[in-house]
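Visitor: below is the sequence, then the predicted model.
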Amino acid sequence: MVRLKHRYLLCELVFADDKVDTSIKRSEISSVIKDAVGHTHGDYGIACILGSFQVKYFNVHTRTVLLRISRDHYEVLWSSMTLVSSFKKRECFFRVLHLAGTIRSCQKHLLRFNLEQLGQLAAATQNIAERRKIEQMILDLSIGKVKDVTGN
């Protein structure tokens, strides 16, 4: 029996207006990406991703998306995602943050990415009390007081 190998793309959905829309669903993201693949690669592209494409995770607030695709066809998906320019009549694009062979690797990268984002937020914050609160959150994350998302 042959094992199916996948690739996981950790992406960020970036909107031009930078507003948070809590009504976005995984199925809507999936349909936008499938439409982009169909538009870019036609029936061949749809046939390539049809069996293995799945939106595994989406966070509405951080707009982080985790996609799964077969190892042989991740380039078809990635090339099509770069051409997405709107979502629900709002200007946007997908930024691929990480490509990995396992979900766990994507989770580890997401933790590092979020720590970097918190650090940038702390540096940009003018209020000293808020800055210390953010710095304490970074410290708690880095020393492991917050439970690891991988379960370890």
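Guide: Yes, it's here. Numbering: from 1, shown residues only.
Visitor: in this structure, which helix is the longest?
Guide: Using DSSP state H, we find that the single longest helix of the chain is helix 26-50.
Visitor: now the element after that one, going C-ward?
Guide: Per DSSP states H and E, the first helix or strand lying C-terminal to helix 26-50 is strand 54-59.
Visitor: packing partners for the helix or strand just after that following strand?
Guide: With elements assigned by DSSP H and E, the helix or strand that comes after strand 54-59 is strand 64-70. If you count contacts as 3 or more C-beta pairs under 8 Å, 6 or more residues apart in numbering; DSSP states H and E, strand 64-70 packs onto strand 6-15, helix 26-50, strand 54-59, helix 103-124. For the C-beta atoms, the positions are set from N, CA and C on the backbone; glycine is no exception.
Visitor: could I get these as a markdown table with mean neighbour count, mean pLDDT and distance to Ile69?
Guide: Formatted as a markdown table, the helices and strands packed on strand 64-70 follow (neighbours: other C-beta atoms under 10 Å; pLDDT from 0 to 100; distance: least, C-beta to C-beta, whole Å):
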| stretch | mean neighbour count | mean pLDDT | distance to Ile69 |
| --- | --- | --- | --- |
| strand 6-15 | 20 | 94 | 6 |
| helix 26-50 | 16 | 94 | 6 |
| strand 54-59 | 16 | 93 | 8 |
| helix 103-124 | 15 | 86 | 13 |
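Visitor: got JSON lines for those, with distance to Arg90 too?
Guide: Converted to JSON lines, the helices and strands packed on strand 64-70 look like this (distance: least, C-beta to C-beta, whole Å):
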{"stretch": "strand 6-15", "distance to Arg90": "6"}
{"stretch": "helix 26-50", "distance to Arg90": "11"}
{"stretch": "strand 54-59", "distance to Arg90": "16"}
{"stretch": "helix 103-124", "distance to Arg90": "22"}
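Visitor: Cys92 is nearest to which of those?
Guide: strand 6-15 (4.6 Å; C-beta to C-beta).
Visitor: what's the angle between that closest one and helix 26-50?
Guide: In terms of direction (axes from the mean of the first three to the mean of the last three C-alpha atoms, to 10 degrees), strand 6-15 departs from helix 26-50 by 140 degrees.
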